[in-house]
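Peer 1: This is a predicted model, with the sequence first.
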Amino acid sequence: MQASADTLAFRGCPSCGELAPNGRPEVQSRISPDAASTEEFASAWAPTGRNNCFFDYRRCDSCGLLHNSVYLRPDLIDDAYSHRDDSPVDMPRHFLKMTQRRYLEAMEEFAPLEGVYLEVGPDIGLAAEVAVERGKLEKVVLVEPNRESRAVLTKMAAAHNPVVVSSLAELDDSVRADRVVLIHVLDHLVEPREDLIALRRRMTAGGLMLVVVHNESSLLRRLLGRRWPPFRLQHPQLFSRRTLPAFLESCGFTVRSVRATGNTLSIRHLVRLGFSALGREPRWIYRVPEIGITVRLGNILAVAEVT
């Protein structure tokens, strides 16, 4: 795909609908999207791409949400996710699962993992795998646009009568979820408000939703500036501890908790992330030991309820 005038669409604020402010963007791209080459787009879309900030980010004057006021058409994004290569994993699997377990434990503070579990964007299914191990689930429903991941997910949850689809629209109208999980998904959605309202309609009364996103007001973001890794093509909006709960409330949820959350990573991966932000990857990185450490990288977690 090549970004051009006919592939781009103007967006009002995806949270409140306000038109984008005039003036200089808060975070400015060094690429002209309507003239970007296929190679530039492919580099920015790749999981390890370094052309992080593809579109300008502007802040809504009304609700404060940081977002791209110009972005790719939703149908093009759907197709790109369907064919996207899996994200490379350069850490031991048990470190990754420790992070997912920590996320789910935050939801378990309010109610056990039981009933129908629905996850949007499970990728390789680590959170769903932890939920299956920890919970008493009647059914597992996984919405994953990447076609290569869907077969893996079906096998992983085979004992729990899984339903694996590429979009919410494919689900039977009778499906009602008790626990809904979106881990680093909300900032990827082109129409997040419409999608969350659709999810709420598919949840039971008292159902809980777990959301994890990058925090655009974090210390790490302020230190790295426009080099902050989440400023990338896949994130048409980015949330903060203020805008995330406001957004969830506007979609009809009652927010029960918002907090910073940590990731369990290997020391090698942390070193690699640091050099990647500087556009470098020394060869000696692979001699750094795979020792796990839990750090706060500027992510926030919210638990919300259907009341």
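Peer 2: Yep, that arrived. Residues are numbered from 1 along each chain as shown.

Peer 1: can we go C-alpha only for contacts and neighbour counts from here?
Peer 2: Will do.

Peer 1: Can you list the buried residues in the helix or strand harbouring residue 263?
Peer 2: Residue 263 is part of strand 254-266, with elements assigned from DSSP states H and E. Judged by neighbour count (16 or more other Cα atoms under 10 Å), strand 254-266 contains these buried residues: 254-255, 257-258, 260-266.

Peer 1: for stretch 209-222, same thing?
Peer 2: Within stretch 209-222, the residues that count as buried by 16+ other Cα under 10 Å are 209-218, 220-221.

Peer 1: Show me the helices in the chain, by range?
Peer 2: Ranges of helices in the chain, per DSSP state H, are 38-45, 74-82, 93-108, 126-134, 147-156, 192-201, 219-224, 243-250, 267-277.

Peer 1: Can you say which of the ones you listed is nearest to residue 297?
Peer 2: Nearest of the helices of the chain to residue 297, taken as Cα to Cα: helix 219-224 at 6.8 Å.

Peer 1: Off-centre distance for that closest one?
Peer 2: How far helix 219-224 lies from its chain's middle: 19 Å, per Cα atoms, centre = their mean, to the nearest Å.

Peer 1: distance of residue 243 from residue 16?
Peer 2: Separation of residue 243 from residue 16 (Cα to Cα, to the nearest Å): 11 Å.

Peer 1: what touches both of these two?
Peer 2: Common neighbours of residue 243 and residue 16, using Cα atoms under 8 Å, 6 or more residues apart in numbering, are residue 63.

Peer 1: what about residue 174, how many neighbours?
Peer 2: Residue neighbour count, defined by other Cα atoms under 10 Å, stands at 7 for residue 174.

Peer 1: Next: residue 173.
Peer 2: The burial metric for residue 173, expressed as a neighbour count using other Cα under 10 Å, is 9.

Peer 1: go on, residue 26?
Peer 2: For residue 26, the tally of surrounding residues (other Cα under 10 Å) stands at 13.

Peer 1: Could you measure from it over to residue 8?
Peer 2: In this structure, residue 26 and residue 8 are 20 Å apart, going by Cα to Cα.

Peer 1: Equivalent analysis for residue 53, please.
Peer 2: When residue 53 is compared with residue 8 (using Cα to Cα), they lie 16 Å apart.

Peer 1: Neighbour count for the two, which is higher?
Peer 2: The neighbour comparison of residue 53 against residue 8 (other Cα under 10 Å) goes to residue 53, with 23 against 16.

Peer 1: Now for the more buried one: which residues touch it?
Peer 2: Residue 53 makes contacts with 28-30, 226, 231-233, as judged by Cα under 8 Å, 6+ apart.

Peer 1: Can I get the buried part of those residues as one ChimeraX selection?
Peer 2: The ChimeraX selection below is limited to those of those classed as buried (16+ other Cα under 10 Å):
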select :29,226,231,232,233
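
Peer 1: Point out the ones among the contacts of residue 53 that are inside strands.
Peer 2: Filtering the contacts of residue 53 for membership in strands, criterion DSSP state E, returns an empty set.

Peer 1: From the contacts of residue 53, which one has the minimum pLDDT?
Peer 2: Among these, residue 30 has the lowest pLDDT, at 82.

Peer 1: Go through the contacts of residue 53 and name the one nearest residue 93.
Peer 2: Minimum distance to residue 93 across the contacts of residue 53 is 25.1 Å, recorded for residue 232 (Cα to Cα).

Peer 1: if I read this right, that closest one contacts residue 56, doesn't it?
Peer 2: No. Taking contacts as Cα atoms under 8 Å, residue 232 lies outside contact range of residue 56: 10.0 Å.

Peer 1: measure the closest residue to residue 19 other than its chain neighbours to residue 256 for me?
Peer 2: Distance criterion Cα to Cα, 6 or more residues apart in numbering; nearest residue to residue 19, sequence neighbours excluded, is residue 12 at 4.4 Å. For residue 12, the distance to residue 256 equals 28 Å [Cα to Cα].

Peer 1: Many thanks, have a good one.
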